[in-house]
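1. Fold the following, please.
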Amino acid sequence: MDTGDSRILMLIDDEPAQCRLISALAAREGWRTIVAPNSDTAIALLGTRDGMQTAAIILDQWVPGDDACQLIEELKRRRPALPILMLTTSTSPLLAVEAMRAGATDYLIKPVAPDRLLEALRSATEGEKAQDELQPLAEKLNASLDFDAMVGTAPKFRTALAQAAKAARGHNHVLIEGEAGTGKEMLMRAMHAASPRSKAPFRIINLGGVPATSVESVLFGHEPGAFAGAFDRQIGALQQCDGGTLVLDEIDRIIEAVQSKLLEVLTSGIVRPLGATHGFRVDVRLLSAGNLPLKQLAQNGQFDTDLVERLAQTTIKLPALRERAGDIPALTRHFLSRIGEQPGLRHLSISDGALSLLKAYDWPGNVRQLQAVLFRAAVFCDKQTLTAESFPQLSELLGEPVDTDSSIQDGAGVMLYTEDGNLRALEEIEADVIRLAIGHYRGRMTEVARRLGIGRSTLYRKLSDLGIDNAA
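-> Predicted coordinates:
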C-alpha cells in the first residue's frame, strides 16, 4: 500500500455499483478515484488539477462502445505516458489487439477478480523504470486443458509433469508450488481434466483476491443471520464441489483462523456453514497452489503443520523459467502458433537473434511473462518475422547477445513438429526457413538466396508460391 499521498485513478464508467467496487478496491492500495461517466467528461477532467495528477485510467469499454479505441487514442494523444486499462465483457482477442494498438496498457474481462484488477494497476504504475513491454497482461490466451499443452523438455519440468499425470488419476490432495507465472493454474486444470472427477463440479478460488473477512463464507458457506449482512443462505465452495475438485490458489495467503477450520473439514469430511447447527458430509479433492513453500512457512510458525500434511499428500514443484531456459525456443514457437490463430493477428516466425535475446533474459514473471511479451510483439509487428528489434526494451536491457551457434543447435525459429508430435509438412518448414533467412539477413535478398543455395529468381518464385511477403 502506498504510504505517501494518494495516487489518483480516473475511472471512466457509468455503472454506480461497479464504480463503488473499483474505488473500494483501489483504495486498498492508496488510490483515490475520480469518476467520469462519459467520454467528454473524461477529456475535460484531464485539464483539471486532479486530472493533471492522474496516475492511471480505467476505461469501461461499454461507455464509449464502438468508439473505445478512438477514446484511447485521444487520451494517449493528450497524455502519452498515462497507463490506460480497459474493462470489457468481450473475450475476443481482437478487441484486445485493437485496444493495445490504440494505446491501452492492459485489458481486463468483466467481471474482473479483485486480485487481477490490483495486479494490473500495480504492473501499469510500477514507476519510471517500468518496462511496458515486459509487464504481464491481466488477461491472456485461454489455457488449454491437457498435458500436451505443457511445453518443455527440461528434466525438472518433465518430472513435474510426470508426477502431475500420475497424481491426476488418484484422489489424494495435491500441492503445487512454484513462482508466480510458472503455470500452476494451467497444470491444475490439466490434472482435473485427466482425473476420474473430470465430469464432476470444479471451481477455482484465488485466496489472495478474497477479502479476509469473506474467506470463511466463501469456503464453508453461511446461514441467514450468521453475521451482519448475511440475509440469504450461501452454499460454500467445499459443498458446491462435493464429488469434484476445488482449486485453492495462493494457499500460502490463507489466514490462520481459516487454516484450522479447513483442517477440521479435511479430517472429518464434514463442512459446517457459518451459523449452521449441523454439518454436511462432503467428498472433495483439493488441488492447492502456492508461491511460497508451505513447509518452510510451517517451520517459521506461519502455517499449520497438520494442514500442510493434509494438503501435500502429493507435492509437485514447477521450476522457474530461468531454470529451464533451453525450453524458451519451444515455448516461443508454441505461443506464436497460438497467437497467430487469434482474430486480428497472424502467424509469425522468429529470428535467431530474437530467440537469443529471449533466452538471455531471466524472466521474473516466468512463462506468463514470456507469453505476454510475445503477444505484445505480435500485436505491433508489421512484418512476417519477429527480430531483436521487435523487443526494443529487452534489447536496451541486455544489449544484443550473439548466440548464433546455440540458436542453430536449438533449431531456432523453425518448428519441425506439430503440437501432436508429428512432423510438419515440408512446404510449411520451407516457408519458415525462408522467413527466418529474410529476417536474419535483414531483407538482403541476394544474401538470402546465396545462403540458401538457390538463385534469386528461384527465391522470388518460392516467395510467390508460398505467399511470403519479401519485405519480411
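
2. how about the nearest residue to residue 325, chain neighbours excluded?
-> residue 359 (5.4 Å; C-beta to C-beta, 6 or more residues apart in numbering). For the C-beta atoms, the positions are set from N, CA and C on the backbone; glycine is no exception.

3. quick one: secondary structure of that neighbour?
-> helix (DSSP: H, G, I helix; E, B strand; the rest coil).

4. Test for you: state the pLDDT assigned to it.
-> For residue 359, the pLDDT comes out at 91.

5. these two touch, right, it and residue 329?
-> Yes. Counting by C-beta atoms under 8 Å, residue 359 touches residue 329, with 7.4 Å between them.

6. Which one of the two is surrounded by more residues?
-> residue 329 (23 against 20; other C-beta atoms under 10 Å).

7. What are the boundaries of the helices in the stretch 51-200 of the chain?
-> With DSSP state H, counting those that start in this stretch as the criterion, the stretch 51-200 of the chain has helices at 68-78, 93-102, 114-124, 155-168, 184-193.

8. what about the strands in the stretch 1-150 of the chain?
-> For the stretch 1-150 of the chain, the strands defined by DSSP state E, counting those that start in this stretch cover 7-12, 31-36, 54-60, 84-88, 106-109.

9. what about residue 362, which SS state?
-> Residue 362 - assigned by three-state DSSP - is coil.

10. Could you find the closest non-adjacent residue to it?
-> Using C-beta to C-beta, 6+ apart, the closest residue to residue 362 is residue 322 (4.6 Å).

11. would you say that neighbour is within a strand?
-> No. Assignment of residue 322 by three-state DSSP gives helix, placing it outside any strand.

12. Going forward, the N-terminal residue is numbered 16.
-> Fine by me, first position is 16 from now on; the one you just mentioned is residue 337.

13. Touching, it and residue 375? I think so.
-> No. Applying C-beta under 8 Å, one finds residue 337 not in contact with residue 375, separated by 10.6 Å.

14. For those two, indicate the residue with more neighbours.
-> More crowded of residue 337 and residue 375, by other C-beta under 10 Å: residue 375, with 16 against 13.

15. Tell me if I'm right that that one and residue 410 touch.
-> No. Judged on C-beta under 8 Å, residue 375 makes no contact with residue 410 at a distance of 10.2 Å.

16. quick one: contacts of stretch 259-277?
-> If you take C-beta atoms under 8 Å, 6 or more residues apart in numbering as the criterion, stretch 259-277 is touched by 130, 190, 199-200, 203, 207, 210, 212, 215-224, 227, 230-231, 234-235, 252-253, 299-307, 309, 312, 318-319, 322, 326.

17. mind checking the end-to-end distance for that stretch?
-> One end of stretch 259-277 sits 17 Å from the other (C-alpha to C-alpha, to the nearest Å).

18. what's the domain layout of the protein?
-> 22-149, 162-332, 341-481 (automatic domain parsing).

19. so for the longest one, what's the average pLDDT?
-> Read it as domain 162-332. In this model, domain 162-332 has a mean pLDDT of 90.

20. How about the first one?
-> For domain 22-149, mean pLDDT rounds to 85.

21. Tell me, how many residues neighbour residue 284?
-> 13.

22. for the one 5 residues further on, same thing?
-> Using other C-beta under 10 Å, residue 289 has 18 other residues around it.

23. do the one 10 residues further on as well
-> Here the neighbour count serves as a burial measure; for residue 299 (other C-beta under 10 Å) it reads 23.

24. One more: residue 279?
-> 16.

25. Tell me which residues of stretch 346-361 come out buried.
-> 346-351, 353-354, 357, 360 (16 or more other C-beta atoms under 10 Å).

26. With only the CA atoms kept, save that stretch in PDB.
-> This file holds the C-alpha atoms of stretch 346-361, laid out as PDB (Å, rounded to 0.1, in the frame of the first residue of the first chain):
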ATOM      1  CA  LEU A 346       7.700 -22.300 -25.800                       C
ATOM      2  CA  THR A 347       8.100 -19.300 -28.100                       C
ATOM      3  CA  ARG A 348       7.100 -21.300 -31.200                       C
ATOM      4  CA  HIS A 349       4.200 -22.700 -29.300                       C
ATOM      5  CA  PHE A 350       2.900 -19.300 -28.200                       C
ATOM      6  CA  LEU A 351       3.400 -17.800 -31.600                       C
ATOM      7  CA  SER A 352       1.400 -20.600 -33.100                       C
ATOM      8  CA  ARG A 353      -1.500 -20.000 -30.700                       C
ATOM      9  CA  ILE A 354      -1.200 -16.200 -31.000                       C
ATOM     10  CA  GLY A 355      -1.300 -16.500 -34.800                       C
ATOM     11  CA  GLU A 356      -4.700 -18.200 -34.600                       C
ATOM     12  CA  GLN A 357      -6.300 -15.200 -32.800                       C
ATOM     13  CA  PRO A 358      -8.500 -12.800 -34.700                       C
ATOM     14  CA  GLY A 359      -6.600  -9.700 -35.900                       C
ATOM     15  CA  LEU A 360      -3.200 -11.500 -35.600                       C
ATOM     16  CA  ARG A 361      -1.300 -13.800 -37.900                       C
END
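
27. what is the rounded mean pLDDT of that stretch?
-> Rounded mean pLDDT across stretch 346-361 is 86.

28. what residues does that stretch touch?
-> 107-109, 112-113, 156, 166-167, 336, 362-365, 370, 373, 382, 385-386, 389-390, 393-394, 399, 401, 430, 434.

29. again, but for stretch 219-226
-> Against stretch 219-226 from outside (C-beta under 8 Å, 6+ apart): 128-131, 200, 203, 230, 233-234, 252, 261-266, 268-269.

30. now with 10 Å?
-> 39-40, 43, 127-134, 200, 203-204, 207, 230-234, 252, 256, 260-270, 273, 302-306 (C-beta atoms under 10 Å, 6 or more residues apart in numbering).

31. Filter the contacts of stretch 346-361 down to the buried ones and hand me the PyMOL line.
-> Per 16+ other C-beta under 10 Å, the buried members of the contacts of stretch 346-361 correspond to this PyMOL selection:
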select buried, resi 108+112+113+156+166+167+336+363+364+365+370+373+382+385+386+389+390+393+394+399+401+430
